[in-house]
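> would you be able to build a 3D model of this:
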Amino acid sequence: MEVVLVTLLTFLMAWGALAWVRPQGSIAGPAWLRGLGGLGGMGLALLGAVLLVLDWNGLLGAALAVWGCALALLAVWGGDLLWAGQRPLMAVTGGVALLGGGLGWWVGGQAELGVWAALSATGAAQALWLLRQPEALARLRWLQTHLKPWMVCLILAVLVRIPVPLWPEGFPLISLVQMGLIGLAALWWGYAQVGARIGLLFALAFGLGLGVELLGSQTGLPFGLYTYQGAPPPTVLGVPLIVPLGWFALVLSAHGLAGGRPWLTGLLVVAWDLGLEALMPAKGYWTWQDPHPLWYGAPLQNYLAWFAVGFVISWMYGRLGPALHRNRSFAWAYRLEALFIPVGLALFGLWPAALVCGLAMNLLAWSEYLWRYGGPGRMPMADGR
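Numbers count the residues shown, from 1 in each chain. Down below sits the predicted model:
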């Protein structure tokens, strides 16, 4: 109750303070401030999630996790516009944050509630400021016009991950819902590209993924010796449902990111598996029994097989649905995985996998932007642009 009361009071203080400040017509700051602010906010949220997992300080962890996400969204929405009004906004935000922090300390008698109040005041001031900016409102209208159903599915797939630090025992359910949403997004997006043919491609990719997993878990070929015994439901012929769904949806995203090049798609799915082989056995999805482990129990042949299966599915997508790599918008599904899988690995204490998988996935996922903005020359895109 104290948290609700303090949040409401800080919002009212921010609204009252901004009522005395006239909207500014300043030139917006550089666009990269939106991305930088978003990353900063998510970093704050990650720190809060770590505190929650370690059970070190619940209220402080919740404050950082909740308001870190909120500040990240505000930065992505209008970080450049916030920069344009930095002087009056900083004065209002700083004053309200100090008052809110003092109020939280006074009401609850604890520093953590003061931190919550300060962050709440900061978020409220920024949100109210942006709602008074015509450009920020225009961005909301643009988003409303251009937001497609498959994008909503991807956004929901991100949001359902938030409870993981607070509800670790719910990991199987959260993973199922998340992969189901990504699969639905893939079908929705694919239908817009190739029509009903996406249903055939889904059946082929799902069937191939299921087939190789059944063969692998029973014979050791092509991945190595492992078993799905004890895997959480639902399963298909003993294989967790999320596994063949992943072969369809994430390979489709990697295929678009790779510009339809099967060899690059293979590398992308191998980078993804570097994280999966640490995370999923730790959560009981499969168990490695191979006598020649290379990485978290998985042998070298596992990664060669992942490359081969990713190559084949990508080749199939290219042959039966060439439009699937001409529109690269669904590549964001892989990019989001590249950001969140390392975070999940870190939260569960799997730091080597978090570092290696994070570097591998993100270098491949963002290489186009790294070369375009930071490299010695611009890397050509798959369509030659």
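> now the strands: where do they sit in the stretch 151-300 of the chain?
Ranges of strands within the stretch 151-300 of the chain are 226-227, 235-236, 239-240, 287-288, based on DSSP state E, counting those that start in this stretch.
> residues in contact with the second one?
Pointing back at strand 235-236 there. 210, 228, 241, 244 (C-beta atoms under 8 Å, 6 or more residues apart in numbering). Every C-beta, even on glycine, is put in place using the N, C-alpha and C of the backbone.
> quick revisit: nearest to Ala254, of the strands of the stretch 151-300 of the chain?
Each of the strands of the stretch 151-300 of the chain has some distance to Ala254 by C-beta to C-beta; the shortest is strand 239-240, at 20.0 Å.
> if we can go back for a sec, most neighbours, which of the contacts of strand 235-236?
Neighbour counts for the contacts of strand 235-236 peak at Pro244, which has 25 neighbours (criterion: other C-beta atoms under 10 Å).
> in space, what's closest to Gly230 - neighbours in sequence excluded?
Beyond its immediate neighbours in the sequence, the residue positioned closest to Gly230 (C-beta to C-beta, 6 or more residues apart in numbering) is Gly284, lying 5.7 Å away.
> show the backbone phi and psi for the one you found.
phi 80, psi 10 (degrees, to the nearest 10).
> packing partners of the longest helix anywhere in the chain?
Scanning the chain for the longest helix, with DSSP state H as the assignment, gives helix 58-84. Helix 58-84 sits against helix 32-53, helix 111-130, helix 134-146, with contacts defined as 3 or more C-beta pairs under 8 Å, 6 or more residues apart in numbering; DSSP states H and E.
> pLDDT (mean, whole number) over that helix?
Here the mean pLDDT over helix 58-84 is 86, rounded to a whole number.
> starting at the chain centroid, how far to that helix?
Helix 58-84 has its average C-alpha position 16 Å from the chain's average C-alpha position, going by C-alpha atoms, centre = their mean, to the nearest Å.
> circling back to that earlier point, need the helices and strands packed on helix 58-84 in CSV (columns: mean pLDDT).
Below are the helices and strands packed on helix 58-84 laid out as CSV (pLDDT from 0 to 100):
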stretch, mean pLDDT
helix 32-53, 82
helix 111-130, 84
helix 134-146, 89
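> and of those helices, who's closest to Ala17?
Between Ala17 and these, the shortest separation by C-beta to C-beta is 7.3 Å, and it involves helix 111-130.
> tilt between the closest one and helix 58-84?
Interaxial angle of helix 111-130 relative to helix 58-84 (axes from the mean of the first three to the mean of the last three C-alpha atoms, to 10 degrees): 30 degrees.
> helix 111-130 vs helix 134-146, what angle?
Relative orientation of helix 111-130 and helix 134-146, computed by the same axes, to 10 degrees: 90 degrees.
> so where's the stretch 251-385 of the chain shaky on pLDDT?
369-385 (pLDDT under 70).
> could you pull out the helices for it?
Ranges of helices within the stretch 251-385 of the chain are 262-282, 300-320, 331-347, 351-365, 367-374, based on DSSP state H, counting those that start in this stretch.
> and of those, who's closest to Ala138?
Each of those was scored for nearness to Ala138 using C-beta to C-beta, and the closest is helix 331-347 (22.5 Å).
> output the closest one in PDB with nothing but the alpha carbons.
Taking only C-alpha atoms (Å, rounded to 0.1, in the frame of the first residue of the first chain), the coordinates of helix 331-347 have been written out as PDB:
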ATOM      1  CA  ALA A 331      14.800 -10.900 -38.300                       C
ATOM      2  CA  TRP A 332      13.900  -9.000 -35.100                       C
ATOM      3  CA  ALA A 333      12.800 -12.300 -33.600                       C
ATOM      4  CA  TYR A 334      16.400 -13.500 -33.700                       C
ATOM      5  CA  ARG A 335      17.800 -10.200 -32.500                       C
ATOM      6  CA  LEU A 336      15.500 -10.200 -29.500                       C
ATOM      7  CA  GLU A 337      16.700 -13.700 -28.700                       C
ATOM      8  CA  ALA A 338      20.200 -12.500 -29.000                       C
ATOM      9  CA  LEU A 339      19.500  -9.900 -26.300                       C
ATOM     10  CA  PHE A 340      17.400 -11.900 -23.900                       C
ATOM     11  CA  ILE A 341      19.000 -15.400 -23.900                       C
ATOM     12  CA  PRO A 342      22.400 -14.100 -22.500                       C
ATOM     13  CA  VAL A 343      20.400 -12.200 -19.900                       C
ATOM     14  CA  GLY A 344      18.500 -15.400 -18.900                       C
ATOM     15  CA  LEU A 345      21.800 -17.400 -18.800                       C
ATOM     16  CA  ALA A 346      23.300 -14.800 -16.500                       C
ATOM     17  CA  LEU A 347      20.300 -14.800 -14.200                       C
END
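> show me what that helix is packed up against.
Using 3+ C-beta pairs under 8 Å, 6+ apart, helix 331-347 sits against helix 32-53, helix 149-159, helix 171-194, helix 242-257, helix 262-282, helix 351-365.
> what's the offset of the shortest one from the middle of its chain?
Offset of helix 149-159 from its chain centre (C-alpha atoms, centre = their mean): 10 Å.
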